[in-house]
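> Have a look; sequence and predicted model below, questions after that.
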Protein chains: 2
Amino acid sequence: MATNSETSMTRNMENDLLPFFEPASVAVFGSLLQDIGPGYCTIKNMLDFGFMGKVYPINPSLTEVMGLRVYSSLDQVMEPIDLAMVIIPPAMVPQVIEQCAQKNVKAVIIGSEGFAEAGDEGVALQRHVVEIARRAGMRILGPNTLGVVNTANGLMTHTSKIGYKGFLKGGIAYCSQSGLLSFGCHPMEGRAYPVSKCCDFGNKCDVDEVDILNYLVDDPETKVIAMHLEDIKDGPRFMEAARRATAVKPVLILKPGRSTAGARAVASHTGSLAGDDQIYGSVFRQIGVIRLNGWQEFWEIPRVFASQPLPRGNRLAIISVSGAAGVLLADAATEAGLAIANFTDNTVKRLRKLSPRFATNPVDWGPMIAVAADPLSVLEELITTILADSNVDCAIIVVHAMVIGLGLFEKIMPQISKLSKPLTIFNFDSDLDVMLETSRRLQALGLATYFELETAIKALSVSVAYARVALSRDL
Amino acid sequence: MATNSETSMTRNMENDLLPFFEPASVAVFGSLLQDIGPGYCTIKNMLDFGFMGKVYPINPSLTEVMGLRVYSSLDQVMEPIDLAMVIIPPAMVPQVIEQCAQKNVKAVIIGSEGFAEAGDEGVALQRHVVEIARRAGMRILGPNTLGVVNTANGLMTHTSKIGYKGFLKGGIAYCSQSGLLSFGCHPMEGRAYPVSKCCDFGNKCDVDEVDILNYLVDDPETKVIAMHLEDIKDGPRFMEAARRATAVKPVLILKPGRSTAGARAVASHTGSLAGDDQIYGSVFRQIGVIRLNGWQEFWEIPRVFASQPLPRGNRLAIISVSGAAGVLLADAATEAGLAIANFTDNTVKRLRKLSPRFATNPVDWGPMIAVAADPLSVLEELITTILADSNVDCAIIVVHAMVIGLGLFEKIMPQISKLSKPLTIFNFDSDLDVMLETSRRLQALGLATYFELETAIKALSVSVAYARVALSRDL
């Protein structure tokens, strides 16, 4: 890692979240019991994910863990500490936070549960901890959080065993107010999400959604911010940060509590008021935030923003190995507000030369495979001709994973990139492993790949809606 | 297999599709070239899927394939043949159909392409083949079809290599007018669809959607019929069959062409007119057909009908390991027309005894796991108490695959079944393999399991809408 604690200290206040994501050194407080202690698991995750900084386990009862020297207390560590990871019983947290303050630690993640989410005693404890930190100018993320991920330096602070060993590095920052929508409960690697950063807000005792927005807007790795929020602590401050962020990159927010029942459930879950949903809706529109409407959209829509350019309009080309998929996509696209592009005469002429059946949109290239001498070359010309058409703003390509090799996309990627039009891929197969592997490789190539036909369309339609606002602002 | 060709011959005309699904003997015409010949692949699939009938490869150039005797021509076979599978060049098809007619074969599946879907010559060829069959009283499925699946006897006629080796036997019959929505292009085993029969209609030169409906309505293995139809050949005949079918079991139809662009794409794909979509919509409503609106609904909604009883109303209980999921589910349920159930005082009292946090719906049982001495017993009482509440019509249970063992569901299945209320499961994990394996095992237990939060709700809401019509008819 290039950054060290000295340089991070010299950055400006907008970047006081740097030690959370780019620490040169991390102290870990927590049980080192093999395989189950939260300290052990956190350190194991950092090692497994290849964290590039230094790790200092703090524990009085051991001298070594996983090849690392264990320090009996924080003051035994001679080097400066950027970040402390604290996963110990709640009653013991204040004294550890005091030690961190004395050591001049910049940032603390409190993973422990048992604070404001757990009743009156927890509320008081949380307030006490915040007071200590404020006095020392130290920032706190949590409590009750899995912490953060930074795929650029391998930082991964999950405090228990996790079901994967790495990330596809990419442009999505996933932030959430709950474990369910975090890196801890979703197969990030298995489904090949291209990730830059993750953050679980936890109880938001100090660091909140506004701090994270302010950090991510300046993060060069992050191309799109996806955020799950059950409440917003300070409306005007949020609006200011979100306005600044949406001017730079897409901000997609899943804010539940749309229904009365949902709002009541929010209150019961986090103790916070969901607020009047209509107000949120109109504020989001006003500041250019894209609103996501559920779990599936939260995970899948950001893909298209992470890798694809913005469309200049809503005219869609459907290029499908399956005629039936073309039909279903035409319906789904129309219902999502996309228009089925009319190819120019020139394109129609060129496509007819390839095959008389190619001239109309949706284009069904399935039957061609059986008869063409070199189907991949035909497909290459088909795709690049259509994407170059001035009547086409975006495209969806339907591939049968087993039938169409990755070679095609490897070959046409430079041309596709040059044409600078967004496309999504709907990828199917009878072999689930083949589907998953093809998807991972297509995502790694920089393509937005979907397993559900309707989500592949929805992503494009959200991209069109966002581009309409963003491009009009640029004019 | 219990049935043989003699008994199938004595059944009535409503069941003249029996030889397609329950043949005692199948003759296969097609290239036996190892691993790639369609004859070879079809036979390989039948053997892999454990077909219980006899298989007779017909091919003049070989004497043995995969341990089976190869016959040089059909008249060399002394035994009666129920079904012939024909995957040979189209020009050669008529003479083989003639041979089948002479041999008194009952049913023929023509897998070959190059008929009505391929232009004028193909249309004439198809007409010729149908004439031969009609004269002989022989039925034809196809051409241009992958054929059929019957999970009860292991019949699987797919004509090329397929990405899985078996089915979860269950109650869904998937029928489609396209390969995309058939058993050939979807991970039926990987995603654990509980399947009874499958049928790819192909060109529908003879056997059509009405014949299949008439067969499936009497099929005891089939609990729900899911059908993808780009066109309906004979409206009045279809209405009669569908009316009869919907009186017996749910019929779910995906009929694209809802949009103008979709209707135009249908015409271009199958050469058939999609028809006025509003007319289809009102006819479907009138005869009690449930309309599916896309690819994801086609695959996922039938699960709930295959294993779950019908709900008596729309009052939903949400029993979630994640508070955030409870919130999202409350929104999704409200938007799908479900009501969040108000538990009776008696239930509230019983739940409060288990934990003071359990009394409101959605119920968040996540925090309980960390503190209860025997969390599975608490969970068992929680679930069965809620399902027994007279104010609850249906439920969704959210499980973290790695956290909650299958033991729970194995234990509570008898009680759940007795209570006779439908439930769906939303299953998540950071480990994709764990998620998939848990889902397969929960499905095998007779539960309807979903990977997408919103689909799990959508399935229940469709079930409620269907039940409202079905139960009012029974009164």
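Thanks, I have the structure now. Numbering: from 1, shown residues only, chains lettered A, B, ... in the order given.
> And the biggest strand by length in chain A, what does it pack against?
Across chain A, the longest stretch assigned as strand under DSSP state E is strand A:168-176. Here strand A:168-176 touches strand A:194-200, helix A:209-217, strand A:224-228, helix A:302-307, helix A:432-444, going by 3 or more Cβ pairs under 8 Å, 6 or more residues apart in numbering or on different chains; DSSP states H and E. From N, CA and C alone the C-beta is placed, and that goes for glycine too.
> Now tell me what touches the shortest one from outside.
Contacts made with strand A:224-228 from outside it, assessed by Cβ atoms under 8 Å, 6 or more residues apart in numbering or on different chains, are listed as A:171-178, A:181, A:209, A:212-213, A:216-217, A:245, A:249-255, A:292, A:298, A:301-302, A:305-306, B:324.
> Kindly report the same for the last one.
Contact partners of helix A:432-444, identified using Cβ under 8 Å, 6+ apart, comprise A:168, A:170, A:190-194, A:303, A:307, A:399, A:401-402, A:406, A:409, A:425, A:427-429, A:449, A:451, B:163-164, B:187, B:189-191, B:432, B:436.
> Mark which of those are buried, thanks.
A:168, A:170, A:190-194, A:303, A:307, A:399, A:401-402, A:409, A:425, A:427-429, A:449, A:451, B:163-164, B:187, B:189-191, B:432, B:436 (16 or more other Cβ atoms under 10 Å in any protein chain shown).
> longest helix in chain A, by residue count?
helix A:453-474 (DSSP state H).
> Check which residues of that helix are buried.
A:453-464, A:466-467, A:470.
> picking up where we left off before, avg pLDDT for the longest strand of chain A?
Strand A:168-176 carries an average pLDDT of 98.
> Would you mark the buried spots in that strand?
A:L168, A:G170, A:G171, A:I172, A:A173, A:Y174, A:C175, A:S176.
> Just the C-alpha atoms of it, please, in CSV.
Extracted C-alpha coordinates of strand A:168-176, given in CSV (Å, rounded to 0.1, in the frame of the first residue of the first chain):
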residue,chain,number,x,y,z
LEU,A,168,-13.6,-9.0,-8.5
LYS,A,169,-12.1,-5.5,-8.3
GLY,A,170,-14.3,-2.9,-9.9
GLY,A,171,-16.3,0.3,-9.5
ILE,A,172,-19.2,-0.4,-7.1
ALA,A,173,-19.2,0.9,-3.6
TYR,A,174,-21.9,-1.0,-1.6
CYS,A,175,-22.8,0.7,1.7
SER,A,176,-25.6,-0.4,4.0
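> Show me what it pairs with in its sheet, parallel or antiparallel.
Note on strand A:168-176: by DSSP bridges, its sheet partners are strand A:194-200 (parallel), strand A:224-228 (parallel).
> On the C-terminal side of the shortest one, identify the next helix or strand.
Going back to what we said before, that points to strand A:224-228. helix A:235-246 (DSSP states H and E).
> Can you list the strands that the helix or strand just after that next one pairs with?
With elements assigned by DSSP H and E, the helix or strand that comes after helix A:235-246 is strand A:251-254. Strand A:251-254 pairs in its sheet with strand A:224-228 (parallel), strand A:290-292 (parallel), by DSSP bridges.
> Rebuild those as a markdown table, extending it with mean neighbour count and mean pLDDT.
Shown next, in a markdown table, are the strands paired with strand A:251-254 (neighbours: other Cβ atoms under 10 Å in any protein chain shown; pLDDT from 0 to 100):
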| stretch | mean neighbour count | mean pLDDT |
| --- | --- | --- |
| strand A:224-228 | 27 | 98 |
| strand A:290-292 | 20 | 95 |
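> Pipe those into CSV and attach distance to A:G366 per row.
Formatted as CSV, the strands paired with strand A:251-254 follow (distance: least, Cβ to Cβ, whole Å):
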stretch, distance to A:G366
strand A:224-228, 33
strand A:290-292, 33
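> Among the contacts of helix A:432-444, name the ones in strands.
A:L168, A:G170, A:P194, A:V399, A:I425, A:N427, A:F428, A:T449.
> Bridged to the residue nearest to the second one when sequence neighbours are not counted, which residues?
If I follow you right, that is A:G170. Nearest non-adjacent residue to A:G170, counting by Cβ to Cβ, 6 or more residues apart in numbering or on different chains: A:P194, 2.0 Å away. For A:P194, the beta-bridge assignment (DSSP bridges) gives partners A:L168.
> How about stretch A:52-71, which residues are buried there?
Those would be A:G53, A:K54, A:V55, A:Y56, A:P57, A:I58, A:N59, A:L62, A:V65, A:L68, A:V70, A:Y71, for stretch A:52-71 by 16+ other Cβ under 10 Å.
> looking at this, the fourth one is in a helix?
No: the assignment for A:Y56 (DSSP: H, G, I helix; E, B strand; the rest coil) gives strand, which keeps it out of a helix.
> how about it, what does it touch?
A:S25, A:V26, A:A27, A:V28, A:L68, A:R69, A:Y71, A:V77, A:E79, A:I81.
> top of those by neighbour count?
A:V28 (30 neighbours; other Cβ atoms under 10 Å in any protein chain shown).
> Phi and psi next, for that residue.
Per-residue torsions, A:V28: phi -120, psi 120 (degrees, to the nearest 10).
> Help me confirm that it comes into contact with A:C41.
No: counting by Cβ atoms under 8 Å, A:V28 stays clear of A:C41, with 10.0 Å between them.
> tell me the contacts of the closest residue to chain B within the stretch 301-450 of chain A?
Of the stretch 301-450 of chain A, the residue with the smallest distance to chain B, taken as Cβ to the nearest Cβ, is A:D431 at 2.4 Å. By Cβ under 8 Å, 6+ apart, A:D431 lies in contact with A:A401, A:M402, B:I162, B:G163, B:Y164, B:P187, B:G190.
> before we move on, back to that, pick out whichever of the buried residues of strand A:168-176 sits closest to chain B.
Distances from chain B to those, taken by Cβ to the nearest Cβ, are shortest for A:S176, at 7.7 Å.
> what's the residue of the stretch 151-300 of chain A at minimum distance from chain B in contact with, if anything?
Checking the stretch 151-300 of chain A residue by residue against chain B with Cβ to the nearest Cβ singles out A:G163 as nearest, at 2.5 Å. Counting by Cβ under 8 Å, 6+ apart, A:G163 makes contact with A:P187, A:G190, B:M402, B:D429, B:S430, B:D431, B:L432, B:D433, B:V434.
> Let's see the pLDDT reported for the residue nearest to it when sequence neighbours are not counted.
Once flanking residues are discounted, A:G163 sits nearest to B:D431: 2.5 Å by Cβ to Cβ, 6+ apart. Looking at B:D431, its pLDDT stands at 95.
> Turn the contacts of A:D431 into a markdown table, columns for distance to B:D393 and pLDDT.
Below are the contacts of A:D431 laid out as a markdown table (distance: Cβ to Cβ, whole Å; pLDDT from 0 to 100):
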| residue | distance to B:D393 | pLDDT |
| --- | --- | --- |
| A:A401 | 40 | 82 |
| A:M402 | 43 | 73 |
| B:I162 | 40 | 93 |
| B:G163 | 39 | 94 |
| B:Y164 | 36 | 95 |
| B:P187 | 32 | 96 |
| B:G190 | 32 | 95 |
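> Reformat those residues into TSV and put distance to A:I232 next to each item.
What follows is the contacts of A:D431, written out as TSV (distance: Cβ to Cβ, whole Å):
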residue	distance to A:I232
A:A401	41
A:M402	46
B:I162	50
B:G163	46
B:Y164	46
B:P187	40
B:G190	40
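> Identify, from those, the entry nearest to B:R127.
B:I162 (31.3 Å; Cβ to Cβ).
> is it true that that closest one touches B:G184?
Yes: between B:I162 and B:G184 there is a contact under Cβ under 8 Å: 6.4 Å.
> Return every residue with contacts to both of those two.
A:S430.
> Enumerate every residue touching A:Q102.
A:Q102 neighbours (Cβ under 8 Å, 6+ apart): A:L74, A:D75.
> again, but for A:K54
Counting by Cβ under 8 Å, 6+ apart, A:K54 has contacts A:A24, A:S25, A:V26, A:E79.
> Any chance of those in TSV with distance to B:D374 as columns?
What follows is the contacts of A:K54, written out as TSV (distance: Cβ to Cβ, whole Å):
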residue	distance to B:D374
A:A24	45
A:S25	42
A:V26	37
A:E79	46
